[in-house]
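Chemist: what shape does this take:
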Amino acid sequence: MGGQEHISKQFDIDLDTLRSRVLQMGGLVESQVLAAIEGFATGNRELIERVSTSDYRVNAFEVSIDNDCSHIIVRRQPAGGDLRMILAISKIVTDLERIGDEAEKIARMSKQIHDRGSLQVQRFAEIRHVGNTAVKMLRAALDAFARQDTAQAASVVLEDVTIDNEFRSIIRQLITFMMEDPRTITTALEITWIAKAIERVGDHAKNIAENVIYIVKGTDVRHTTLEDVEREAKKT
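Modeler: Presented below is the predicted three-dimensional model:
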């Protein structure tokens with residue numbers, strides 16, 4: 001009996017460590033996105049370079065956490081909620097790694113724009129606004145994961161509509177801008193890629209939130225309506 005209790009306690013410790021490492025990775029990725037957006041807005045070269053040089057740390061987190069998930073499955077043979085947790089964590093770290101890739105893309109495009117000095121990016125304050133919205137979604141999704149809060153997870157999924165609407169608004173502005181002055185087409189297209197990268201950050205944050213609902217409720221809410229997501233999150 002004592003041996004089984006020891007094994008159970010060690011398993012709980014393993015899961016807690018795994019969750020903590022996911023949140024550490026999430027914090028790193030969040031700081032990357034913030035730095036990339038600020039780098040775009042200000043042209044701060046140090047921030048832009050920091051995003052690119054820290055990308056390897058995000059990749060290392062993904063590989064290490066995935067390995068830990070595999071080892072836990074082999075050693076502990078988890079079932080039920082524990083198995084859902086591990087499977088979902090493997091998906092969450094993939095989304096976090098891709099958010100890191102999007103941050104690196106924003107930083108790379110920002111560097112090209114500022115190196116040319118061909119456009120006043122202040123005219124696109126909406127980029128910073130939608131970027132901050134995406135970061136808030138990511139932060140809320142990670143908090144929902146930490147607290148296993150399905151209501152908060154559902155609110156993140158709903159917020160993705162806001163990001164999509166703002167993205168479309170930015171694209172309309174950029175098209176108008178290019179039509180008014182064709183000399184800005186190259187830079188405007190780069191800003192389009194930045195806006196798309198931010199929109200993708202929102203998509204990945206939504207994926208993380210959906211996985212929180214899966215962990216807690218055992219229901220896959222991907223590809224369902226927003227009403228279904230809300231309904232599932234509120235189930236007791």
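
Chemist: any weak-confidence spans in this structure?
Modeler: Low-confidence segments of the chain (pLDDT under 70): 1-7, 118-123, 228, 232, 236.

Chemist: all the helices of it, in order from the start?
Modeler: 2-42, 45-53, 55-76, 80-116, 125-147, 150-180, 185-217, 226-234 (DSSP state H).

Chemist: turn these into TSV, including mean neighbour count.
Modeler: Placement of C-beta: from N, CA and C, glycine included. As requested, these are arranged in TSV below (neighbours: other C-beta atoms under 10 Å):
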stretch	mean neighbour count
helix 2-42	17
helix 45-53	16
helix 55-76	15
helix 80-116	20
helix 125-147	20
helix 150-180	17
helix 185-217	23
helix 226-234	16
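
Chemist: hmm, F145 and Q152 touching each other?
Modeler: No. Under the contact definition of C-beta atoms under 8 Å, Q152 does not touch F145, with a separation of 9.4 Å.

Chemist: these two touch, right, K235 and K217?
Modeler: Yes. The criterion here is C-beta under 8 Å, and K235 meets it with K217 at 6.4 Å.

Chemist: and Q77, what are its phi and psi?
Modeler: The phi and psi values for Q77, taken as degrees, to the nearest 10, are phi 50, psi 60.

Chemist: count of residues packed around it?
Modeler: Residues within reach of Q77, counting by other C-beta atoms under 10 Å, total 9.

Chemist: from N59, how far out is it?
Modeler: If you measure Q77 against N59 using C-beta to C-beta, to the nearest Å, the figure is 29 Å.

Chemist: over to E190?
Modeler: To N59, E190 is 24 Å away according to C-beta to C-beta.

Chemist: for A107, same thing?
Modeler: Counting by C-beta to C-beta, the separation of A107 from N59 is 15 Å.

Chemist: likewise L28?
Modeler: For L28 relative to N59 (C-beta to C-beta), the value is 11 Å.

Chemist: for the closest residue to D95 other than its chain neighbours, give me its contacts.
Modeler: With sequence-adjacent residues excluded and distances taken as C-beta to C-beta, 6 or more residues apart in numbering, D95 is closest to H204, at 4.1 Å. Listed by C-beta atoms under 8 Å, 6 or more residues apart in numbering, the contact partners of H204 are 95-96, 98-99, 102, 138.
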